[in-house]
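Visitor: Using only what follows, build the 3D model:
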Amino acid sequence: MTGPDTVHRGAWTMEDRAEDVLRSLPVDVPPGTAALDVTLAYAGEGGGVLDLGLLGPEGEFRGWSGGARDRFTVTEKWATPGYLPGPLAPGTWQVLLRLHRVPPEGVPYEARARTSVRTPDEPSRAYPPPLPADGRRRLRELPAADGMRWYAGDLHAHTEHSDGALSIDALARHAAAEGLDFLAVTDHNTVSHHPWLAAAGARQGITLLPGQEVTTDLGHANVFGDTGWIDFRTGAGSWLSQAESGGGFLSVNHPLADDCAWELDFGARRPRHAEIWHHTWADRRHGAPLAWARAWRPDVIPLGGSDFHAPHQGRPLGAPTTWVLAEEGQLLSGLSAGRTAISASPDAPLLLRYGDELLAVEAEGTVLVRPDGSRTVIRTDRAWLPAAKGLHRLEAYDCEVIALCP
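Guide: Got it, this is the predicted structure:
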């Protein structure tokens, strides 16, 4: 049995977007509701894009899918990826729309919400088989330090819980095949993937770190850790406070990327972590990311992420690879402390810090560039060198950045 549909129709204009990019549409959920189904239809042929989300009757987060979906269902037992299952308390809920792209001719739309006292059947799930041991890329042996070892991973990837193409298990299997030890799953403006990560990682033999990419038109930031949902509607300073109070940390994402470059103000305190190496750094002879990092703060902690969405895009997981020196089971602590390094891939030349020394691995023919600009040519396959305070890098003869290490 279903109740009457709630329908909102209209046409968003450029003036609407200029006034307020985020809009909410009320939906009355009566007592006894077992399922809420929302569909969004709009004219996107002219370049219009509307993002979609949901808040409960007390303003609590119940899901976000951005522009990746035009329909979702929420029930007490299950929900569409990107959305949270749970009781459907009676009251006025809010369907969220973000006017992401509105061309001059406007975007006609219709949002339709339907409530039901019966729970529809949950869609079936199929898990890919675990990756066999001989299907993994083998990584080199690296020296340990004080009970810790270096772990290889990727800090930026998406699943079907936002705009990624793969399930969590399929993504984990891809990461394991690349030889990675860990992967941060950072779906946009949602934490619906968090409850599934541990089991999927165990099935595929890889650690999946909980993350979320806080996403706005003026900049993106990754929050790492099981911090609870970070409200993207608030200011960046609030994101930082929420992340840290929840036991996690925040990193500015791809600060020089196309239409989502970093333009937000944190206020009095900037985070140390920043995704300096992103797949958009296609020509690493171009020094803008390093110049941005120096201007951001002198003790910046560089991170790297592939921003993986789908296999057909040709950007493999682990390109770049972020390395973390950590005790077993303490990856987030190692990342937060800044014990990191970045290489172009899991088996590319690498620069690692061990206290006051650096180890250049498989880096013969490269140049170590220290924070003060001084340079040392690397002439052996493995070379130990003195470390200074600040960001070091390996360069090729043509000034292409090969590896980074704080």
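
Visitor: got the phi/psi numbers for Ser24?
Guide: When quoted as degrees, to the nearest 10, the phi and psi of Ser24 stand at phi -130, psi 140.

Visitor: For it, give its distance to Tyr109.
Guide: 14 Å (Cβ to Cβ, to the nearest Å). No exception for glycine: its C-beta is placed from N, CA and C like everyone else's.

Visitor: between the two, what contacts are shared?
Guide: Common contact partners of Ser24 and Tyr109 (Cβ atoms under 8 Å, 6 or more residues apart in numbering): Leu97.

Visitor: So if I had to pick from those two, which one is more boxed in?
Guide: Using other Cβ atoms under 10 Å as the criterion, Ser24 and Tyr109 rank with Tyr109 on top: 20 against 14.

Visitor: SS state for the more buried one?
Guide: Secondary structure, DSSP: H, G, I helix; E, B strand; the rest coil: Tyr109 is strand.

Visitor: For it, list each beta-bridge partner.
Guide: For Tyr109, the beta-bridge assignment (DSSP bridges) gives partners Gly10, Tyr42.

Visitor: start at 7 instead
Guide: Right, with 7 as the first residue, what we last looked at is Tyr115.

Visitor: can you pull the contacts of it?
Guide: Neighbouring residues of Tyr115 by Cβ under 8 Å, 6+ apart: 14-18, 46-49, 56, 103.

Visitor: And the furthest pair within these?
Guide: Greatest spatial distance among the contacts of Tyr115 (Cβ to Cβ): His14 and Ala49, at 15.1 Å.

Visitor: buried residues in stretch 338-351?
Guide: Neighbour counts over stretch 338-351 (16 or more other Cβ atoms under 10 Å) mark 338, 340-342, 344-351 as buried.

Visitor: just how off-centre is it within its chain?
Guide: From the chain centre to the centre of stretch 338-351 is a distance of 15 Å (Cα atoms, centre = their mean, to the nearest Å).

Visitor: Could you export it as CSV, CA atoms only?
Guide: Output of stretch 338-351 as CSV, limited to C-alpha atoms (Å, rounded to 0.1, in the frame of the first residue of the first chain):
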residue,chain,number,x,y,z
LEU,A,338,45.5,6.1,10.2
SER,A,339,47.9,7.0,13.0
GLY,A,340,50.9,6.9,10.7
LEU,A,341,49.1,9.0,8.1
SER,A,342,48.0,11.5,10.7
ALA,A,343,51.5,11.8,12.0
GLY,A,344,52.9,12.5,8.5
ARG,A,345,55.1,9.4,8.1
THR,A,346,54.4,9.3,4.4
ALA,A,347,56.0,9.1,1.0
ILE,A,348,54.7,9.2,-2.6
SER,A,349,55.8,7.3,-5.7
ALA,A,350,54.3,7.2,-9.2
SER,A,351,53.2,3.5,-8.7
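
Visitor: Looking at the buried residues of stretch 338-351, which is nearest Asp289?
Guide: Closest to Asp289, out of all of these and judged by Cβ to Cβ, is Ala350, at 12.8 Å.

Visitor: Sweet, I'm off.
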